[in-house]
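# need a structure here:
(chains A and B)
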Amino acid sequence: MRVAVAEDSGIFRQALVTLLTTVGVEVTVSAASGEELLARVAEDPPDVAVVDLHMPPTHTNEGVVAARELMRRHPGIGVLVLSAYNETPQAMELFRDQPRRVGYLLKDHVTDVDNLRGALERVVRGEVVIDPDVVSRLVEARHRERELARLSGREREVLGLMAEGHSNAGIGKRLHLSARTVEDHVRAIFTKLKITSSGGPPGPQDSNKRVLAVLTWLRAAETR
Amino acid sequence: MVVVISAPRRRRSPPWFGAETRRALAAGLAVAALALAAGWPYWRDHAAAAALSLASTGGIAVVGVLLATGARTRRTGLLFLAASLSWAVNWLASWDAGPGPVLSPYAQADFYLALAVGVLLYPAGRLEYLADRIWTVFACAVLWGCPTALWVTSRPEWAAFRGRHVWWPAPFPDHAAFRAVLEVAAALYIVLALSFAVVLLLRLPRMSRMRRAVTLPVTVALAFVGISAALTQRPIMEESISLDALLRVYAVQGAVSALIPFALLASGLRIRLAELAVAGRMLRLTAPVSVERIRDALRDVLHDPSLQLWFWAPAEQVYVDISGRPVAMDAEDEVPAGEDAGDPAVGDGGRWRRRVETAAGEPLAIVELGAALRDHGSLVEAALEAGGRALETARLQSNVQAGLEQVRQAYERLVRAEAVERERLARDLHDGAQQRLLALGAMLGTLEALAEDPDVKERARTCRAELMAALAELRALAREVQPALLVQDGLGPALEVVAERLGTRVLLDVTAERYSREIESTLYSVLCEALSYAVERARATRVTVRVRPDGHLLVAEVSDDGERPGGESGAVPGGLAGRIRALRGHVEIDGEPTRGTTVRMVLPCE
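Got it, this is the predicted structure:
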């Protein structure tokens, strides 16, 4: 697998490149900013770009801006955005429109090789990846507890995996369930929680699109 | 000018009968005596006319001397005194001998000229308008030209003087020319009187309301006197009239002139009444005393909405405004006592600053007034004296305010410094320590991947887990210090994260505008506190947070549907409310304790 890295902190960038190289990932570009990444990726497009969310000059959402620009210019490249903070506003911006080949991973989990490689592989496959910690924090937050109480334990597990971006097959594999059973669970969840997505009827949809619907529902903080 | 607030002095004589009054009465008697002597041949047979005429002449002299004691009416007063003297001299005509007959027309003309110019100078002490100046020049030409033309073209008997010892040069006596002079002069007098009435009318609209009220009686009286003079003069502008007829007209004119002192008396009464009214209203309007109330009362009674008031703060040795903020006051801006009378350099646009002192002579306050009030010094003085006690009380209040203001400014600096420090600390934690620990984590990850020995692998994993725990703690600390998102993206995104962590549905309506770091940091802390209160204590199921700019204000509202246990109203702890106040904002709490609450924080922002 060929990966490009954009990260402003030199010490972390170096450690990340070493880690990737060690596990047999080829690092084609190691850039210190989003602009540098965009410029250098054009000659030799990698499979995935790993981009830090907070980069100079404003340390706000440079990573998301670079990621969206990269996806626009090179629709084939997957993007994995890294964030040091378990926060969702920028991630929601990242998944806006057509989520595909995108991931949002906390830096803590990047240090776990299996985790990192798993996320990279899923992005390359075209899936959407959301850090399990981001999802579990949303699920654990109490603001949905009354509605979440209607779900069975198994349904809650399925909901979490859905929010992390797993497909029905992926969920089935993790929970040792048949695809049919997973589908039943998903439908039950959507009905019980009255989740709708992009104005469509409640119900399971494309696994990438439903990530957004589930996340939006979980975040609960509406912004006008 | 300096107003000293003090108790009234004890006087032996009534206040209206001071040295000035006595001097004026003496002058009036002297001028009346002079007129009596000058007109003796006529007065002998006309006692009633004498009484009226002498009273009127003396009255004008009295008013003249009284006016001459006031700084701004000095010139008017002197001119009135000159007018009364001229009128006395005018009666020399009755002797029908010596230079009296030649002087008499000049004296009569000067009488009207002095009265007219005196009124034009009243109350400003100078000829303010172009029309006034043009009329004055015209009047001088007519009133000195016509009497000259009379004696140049006539013999004395043509002009009512048949005495044997009349001194009358008569260089070019000519009947036709004399008749023409009489007709032209009569016409010019009427033109002069009418144009004077017009000039007086033109002045009225340009005057301030108070000044017009004071000037109106004098204006009406003098216009009437002028026109009646011109009209009564008309019948004697004939050849060879009798001296008796001439003197009778003089007696009528003198009697009519008595209107002028009466009119001035009426104006004076009016001013005095206005002063009393101002004093009474000041006392009413300033109770109970507050700094703003005094300023508003002064604005109200003096009809000057632009009036400003600053109090002296002795501890800080500065003047402070009504909210207690220090104001730089140039010493040169103050007009010292005595220099404000009729200074033409200070036009109507200029402001007028007046220092007010305590009885002990210490500075108390400075009042800044519109220039138009310069003409009403006595009124201003009356208002300030009536408000004196209130001013002293208000000064004490103002000093307390100034002290509070200093504390607030210190607090504001502290809040600002704290916000800066928080931001620096948070950035240090994020960019320095966190990145280093993350890099260490990645290195441990590499070691874990590379290690062949399962023991080493396990150790590396344990190390990494410990490291992640440390990172989590570091982040919690950084978030407490200052959430990175607040500095980076502002209140909206930072509050979104807070809302996500809460257990309640939160509707956020937060402006995307950015504000100063102390405003954002303070509002963030307070809103977090209010949100957690709504959820934890009030058990709200739905909370709305609204942050919107409103002009120069930033308004933040937290509304919830919860219940305040035991009727508590506080949703903002004292310390945080203090931070809001330090930034010159305030906190309001609306609603029933049992049916939802709205906490509103209002902060001024640039």
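
# what helix or strand is the residue of the stretch 451-600 of chain B found nearest chain A located in?
For the stretch 451-600 of chain B, the residue closest to chain A is B:Gly503, as judged by CB to the nearest CB, at 2.7 Å. For the C-beta atoms, the positions are set from N, CA and C on the backbone; glycine is no exception. B:Gly503 belongs to no helix or strand when assigned by DSSP states H and E.

# one more: the one 10 residues further on?
Using DSSP H and E, B:Glu513 falls within no helix or strand.

# now it, nearest residue through space, not along the chain?
Spatial nearest neighbour of B:Glu513, excluding adjacent residues (CB to CB, 6 or more residues apart in numbering or on different chains): B:Pro549 at 6.2 Å.

# how about the strands in chain A?
Counting by DSSP state E, chain A has strands at residues A:2-6, A:26-31, A:48-52, A:78-83, A:102-106, A:128-130, A:222-223.

# where does the chain have low pLDDT?
If you meant another chain, say so; for now it's chain A. A:98, A:141-145, A:196-207, A:220-224 (pLDDT under 70).

# wait, I meant chain B there
Residues of chain B that meet the cut-off, pLDDT under 70, sit at B:1-17, B:123, B:210, B:330-349, B:564-575, B:592-594.

# domains in it, by residue range?
B:23-271, B:287-402, B:414-481, B:487-604 (automatic domain parsing).

# quick one: the helices in chain A?
A:10-22, A:34-41, A:62-73, A:89-94, A:107-110, A:113-125, A:132-140, A:145-148, A:153-164, A:168-175, A:179-193, A:207-219 (DSSP state H).

# end to end on stretch B:561-579, go ahead and measure it.
Across stretch B:561-579, the terminal residues are separated by 26 Å (CA to CA, to the nearest Å).

# returning to what we had before: and chain B, which of the strands of chain A is closest to it?
Across the strands of chain A, closest to chain B is strand A:222-223 (CB to the nearest CB), at 5.3 Å.

# residues in a beta bridge with the residue nearest to B:Glu513, which ones?
B:Leu554 (DSSP bridges).

# wait, it sits on B:Arg514?
No. Using CB atoms under 8 Å, B:Pro549 makes no contact with B:Arg514, being 11.2 Å away.

# you'd agree the residue of the stretch 451-600 of chain B closest to chain A is up against B:Ala534?
No. The pair formed by B:Gly503 and B:Ala534 falls short of the contact definition of CB under 8 Å, at 11.0 Å.

# got the residues of the stretch 501-606 of chain B near chain A?
With CB under 8 Å from any CB of the partner chain as the criterion, the stretch 501-606 of chain B comes near chain A at residues B:Arg501, B:Leu502, B:Gly503, B:Thr504, B:Arg505, B:Val506, B:Leu507, B:Leu508, B:Asp509, B:Val510.

# which of those ranks first by neighbour count?
With neighbours taken as other CB atoms under 10 Å in any protein chain shown, the top of those is B:Val506, carrying 26 neighbours.

# can you get me a residue count around the residue nearest to it when sequence neighbours are not counted?
Counting by CB to CB, 6+ apart, B:Val506 lies nearest to B:Ala499, which is 3.8 Å off, once chain neighbours are set aside. By other CB under 10 Å, the residues close to B:Ala499 number 23.

# secondary structure class for B:Ala499?
Under DSSP: H, G, I helix; E, B strand; the rest coil, the three-state class of B:Ala499 is helix.

# who touches stretch B:414-430?
With CB atoms under 8 Å, 6 or more residues apart in numbering or on different chains as the test, stretch B:414-430 has contacts from A:54, A:84, B:474, B:477-478, B:481-484, B:487, B:517-518, B:520-522, B:579, B:582-583.

# restricting to C-alpha, output it in PDB.
Only the C-alpha atoms of stretch B:414-430 are listed here, as PDB (Å, rounded to 0.1, in the frame of the first residue of the first chain):
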ATOM      1  CA  LEU B 414      -7.100  40.300  35.200                       C
ATOM      2  CA  VAL B 415      -9.700  38.500  33.200                       C
ATOM      3  CA  ARG B 416      -8.000  39.600  30.000                       C
ATOM      4  CA  ALA B 417      -4.600  38.400  31.300                       C
ATOM      5  CA  GLU B 418      -6.100  35.200  32.400                       C
ATOM      6  CA  ALA B 419      -7.600  34.500  29.000                       C
ATOM      7  CA  VAL B 420      -4.300  35.100  27.300                       C
ATOM      8  CA  GLU B 421      -2.500  32.900  29.800                       C
ATOM      9  CA  ARG B 422      -5.000  30.100  29.400                       C
ATOM     10  CA  GLU B 423      -4.700  30.200  25.600                       C
ATOM     11  CA  ARG B 424      -0.900  30.100  25.900                       C
ATOM     12  CA  LEU B 425      -1.000  27.200  28.300                       C
ATOM     13  CA  ALA B 426      -3.500  25.300  26.200                       C
ATOM     14  CA  ARG B 427      -1.400  25.800  23.100                       C
ATOM     15  CA  ASP B 428       1.700  24.600  24.900                       C
ATOM     16  CA  LEU B 429       0.000  21.500  26.100                       C
ATOM     17  CA  HIS B 430      -1.400  20.800  22.600                       C
END
